[in-house]
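Undergrad: Provided below for reference: sequence and predicted model.
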Amino acid sequence: MLIVMGKTDPTRARHEQQSQILVPRDTPGVKVVRMLPVFGWDDAPHGHAEVLLDSVRVPAGNLLLGEGRGFEIAQGRLGPGRIHHCMRTLGAAEVALEKMTKRLLSRVAFGKKIAEHSVWEQRIAEARIDIEMTRLLCLKAADMMDKVGNKTAQLEIAMIKVAAPRVALRVIDDAIQAHGGMGVTSDAGLASSYAHIRTLRLADGPDEVHCRAIARLEMRKYTNTRI
Ligand SMILES: Cc1cc2nc3c(=O)[nH]c(=O)nc-3n(C[C@H](O)[C@H](O)[C@H](O)COP(=O)(O)OP(=O)(O)OC[C@H]3O[C@@H](n4cnc5c(N)ncnc54)[C@H](O)[C@@H]3O)c2cc1C
């Protein structure tokens, strides 16, 4: 089953122009043109695909919630969806830190454990600091969503959506480095983690768009003019 979102009335107010409709996958005119591997992974069997809809017809009853309410549905999903991504992203960072630390304690290079080379103490410490700071921001955003709802928690959701993948990518990158050549192979499980988390700087809105929202909320404190 596909959920298709499209512009149904460009003359209506900005957030009422889109609708969402259910389209069974076997409806005539639905064609999966090709799968789109991400950094070489196809994430079968679901994955990401280029899908062509050519003269597809489905009953009007398949419309979700009502005409012009597609944006509203998307927004309803995006708040919790983003937080969910961030929680899993922090989990990936935690796993990377664990793998990194174990590797540094077990591997000897230049006559001593890699962990004993001071640069790695610094990297382990920064990873732990970053993960804890980000985890607390994630908790704050989730707590606000529970207590005051998505709309009021807009700032916190945007901040964690930018912060969590950044932190995780930094930690995973260091973990890859700690594993040497093995780090970039599939054996360490870090390359796939990096590829996956990297997509989260784009999926559910690129960093720049979230930063734009954060900056506008900040500037609104000091001006009466709507930015
Ligand atoms: C792996 C993956 C899975 C995805 N899954 C889904 C999904 O399930 N459902 C779905 O609907 N979408 C999904 N997406 C789409 C995703 O939400 C979009 O790719 C994302 O919102 C960016 O839109 P775009 O690709 O059209 O980039 P564009 O809008 O073309 O933007 C390109 C770049 O321009 C820059 N940019 C854009 N706006 C601004 C701005 N205001 N200020 C400064 N710079 C800006 C950013 O650097 C941005 O990366 C997925 C994407 C990926 C990569």
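TA: Structure received.
Undergrad: for the residue sitting nearest the centre point of the chain, which non-adjacent residue is spatially closest?
TA: The centre of the chain sits closest to Leu200, judged by C-alpha atoms, centre = their mean, with a distance of 3.1 Å. Closest residue in space to Leu200, ignoring its immediate chain neighbours: Pro165 at 4.3 Å, by C-beta to C-beta, 6 or more residues apart in numbering. All C-beta spots, glycine's among them, are computed from the backbone N, C-alpha and C.
Undergrad: just give the number of residues close to the one you found.
TA: 26 (other C-beta atoms under 10 Å).
Undergrad: returning to that earlier point: from Ala141, how far out is the residue nearest to the centre of the chain?
TA: Leu200 is 15 Å from Ala141, where distance means C-beta to C-beta, to the nearest Å.
Undergrad: dump the residue contacts of the closest residue to Leu190 other than its chain neighbours.
TA: Leaving aside its sequence neighbours, Leu190 sits nearest to Ile176 (C-beta to C-beta, 6+ apart; 4.9 Å). Ile176 makes contact with Gly183, Val184, Ala188, Leu190, Ala191, Tyr194, according to C-beta atoms under 8 Å, 6 or more residues apart in numbering.
Undergrad: what sits against the closest residue to the third one other than its chain neighbours?
TA: Computed as C-beta to C-beta, 6+ apart, the closest residue to Ala188 that is not its neighbour in sequence is His179, at 4.8 Å. For His179, the contacting residues are Lys99, Met100, Arg103, Ala188, Leu190, by C-beta under 8 Å, 6+ apart.
Undergrad: how about these in a markdown table, adding pLDDT and secondary structure?
TA: Shown next, in a markdown table, are the contacts of His179 (pLDDT from 0 to 100; DSSP: H, G, I helix; E, B strand; the rest coil):
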| residue | pLDDT | secondary structure |
| --- | --- | --- |
| Lys99 | 98 | helix |
| Met100 | 98 | helix |
| Arg103 | 97 | helix |
| Ala188 | 96 | helix |
| Leu190 | 98 | helix |
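Undergrad: report the buried members of those.
TA: Buried by 16 or more other C-beta atoms under 10 Å: Lys99, Met100, Arg103, Ala188, Leu190, out of the contacts of His179.
Undergrad: now do the third one against Arg123, distance only.
TA: Taken as C-beta to C-beta, the spacing of Arg103 relative to Arg123 amounts to 12 Å.
Undergrad: with the first one instead?
TA: Between Lys99 and Arg123 the distance is 13 Å, computed by C-beta to C-beta.
Undergrad: give me the common contacts of the two.
TA: Common contacts of Lys99 and Arg123, defined by C-beta under 8 Å, 6+ apart, comprise Ala178.
Undergrad: avg pLDDT for the helix or strand containing Asp146?
TA: Here Asp146 sits within helix 118-148, counting by DSSP states H and E. With pLDDT averaged residue by residue, helix 118-148 scores 97.
Undergrad: in it, what counts as buried?
TA: 120, 123-124, 127, 130-131, 134-135, 137-138, 141-142, 144-145.
Undergrad: mind giving me the packing neighbours of that helix?
TA: Counting contacts by 3 or more C-beta pairs under 8 Å, 6 or more residues apart in numbering; DSSP states H and E, helix 118-148 is packed against helix 70-106, helix 154-178.
Undergrad: so for the ligand, which of the ones you listed sits nearest?
TA: Nearest to the ligand, of all those, is helix 70-106, at 7.6 Å by C-beta to the nearest ligand atom.
Undergrad: immediately after that closest one, which helix or strand?
TA: Counting by DSSP H and E, what follows helix 70-106 is strand 108-109.
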